[in-house]
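*Asks:* After the sequence you'll find the predicted model.
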Amino acid sequence: MDVQQIIPLPEAAHYQVQVREKAQKDRAARISGADFTRFDVQIEDEVYKSVWKRNALFYICKRLCKGGINPDEIDALFTWRNNAWYVVDGTIDGKAFEIAALQKASSGGPRFDQPRWFCEDEELFHANGKTYAFSKMWGGKNWHRAMELLKAQYPQFNIQYSPTS
């Protein structure tokens, strides 16, 4: 007696594994509901192509601050958030910011989890004798709400955004 597999063909095993993995990924994406849309953003003459939502907001706020808008004024627009910025005293760099933020958190201040903030040297904002790090946590519908508020509040900056095609 000679036993051989005829259905499915042995050559189809690799293909079946790929189909099964794709189905699992599709199912996970439907369950999580995560939106991975990228956007093209324009602020005055600066253009950013195919950026994540969090980066789009960051670039807009960075340009607004460079244009003289106080980070506290921007924060006041986002009434549904506790804080769009993590703020420490002094005009400091990224490494010193992380140390100061951890000290602030350990002495009863707001919790500081470094990966949740734009806090590299070139990402920090300085105003009012303080250093500000912008939040990376902008999921869900509130991202669009924040973009529309910034666009309406600061029309002089000609803020435009659209999904990357």
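*Replies:* Nice, I can see it.
*Asks:* low-scoring stretches of the chain, by residue?
*Replies:* Low-confidence regions of the chain, defined here as pLDDT under 70, cover residues 5-15, 17, 25-26, 28-33.
*Asks:* repeat that for 90
*Replies:* Within the chain, the segments meeting pLDDT under 90 span 1-37, 80-83, 138-143, 165.
*Asks:* Which secondary structure state is assigned to the residue most central in space within it?
*Replies:* To find the centre residue of the chain, average its C-alpha atoms and take the closest one (Cα atoms, centre = their mean): that gives Arg54, at 2.3 Å. At Arg54, secondary structure determined by DSSP: H, G, I helix; E, B strand; the rest coil is helix.
*Asks:* Can you verify my assumption that it contacts Gly140?
*Replies:* No. The pair Arg54 and Gly140 fails to qualify as a contact (Cβ atoms under 8 Å) at a distance of 11.8 Å. For glycine as for every other residue, the C-beta is placed from the backbone atoms N, C-alpha and C.
*Asks:* Find residues that contact each of the two.
*Replies:* Contact criterion Cβ atoms under 8 Å, 6 or more residues apart in numbering; residues shared by Arg54 and Gly140: none found.
*Asks:* mind checking which helix or strand Arg111 is in?
*Replies:* If you go by DSSP states H and E, Arg111 is not part of any helix or strand.
*Asks:* What's the separation between it and Asn142?
*Replies:* For Arg111, the distance to Asn142 equals 20 Å [Cβ to Cβ, to the nearest Å].
*Asks:* repeat for Phe36
*Replies:* From Phe36 over to Asn142 the distance is 17 Å, taken as Cβ to Cβ.
*Asks:* Who has more neighbours out of those two?
*Replies:* Under the neighbour definition other Cβ atoms under 10 Å, Phe36 and Asn142 were set side by side, and Asn142 has more, 14 against 7.
*Asks:* What number of residues are in the vicinity of the residue lying closest to the more buried one once chain neighbours are set aside?
*Replies:* Sequence neighbours aside, Trp80 is the residue nearest to Asn142 in space, at 6.2 Å (criterion: Cβ to Cβ, 6 or more residues apart in numbering). Residue neighbour count, defined by other Cβ under 10 Å, stands at 7 for Trp80.
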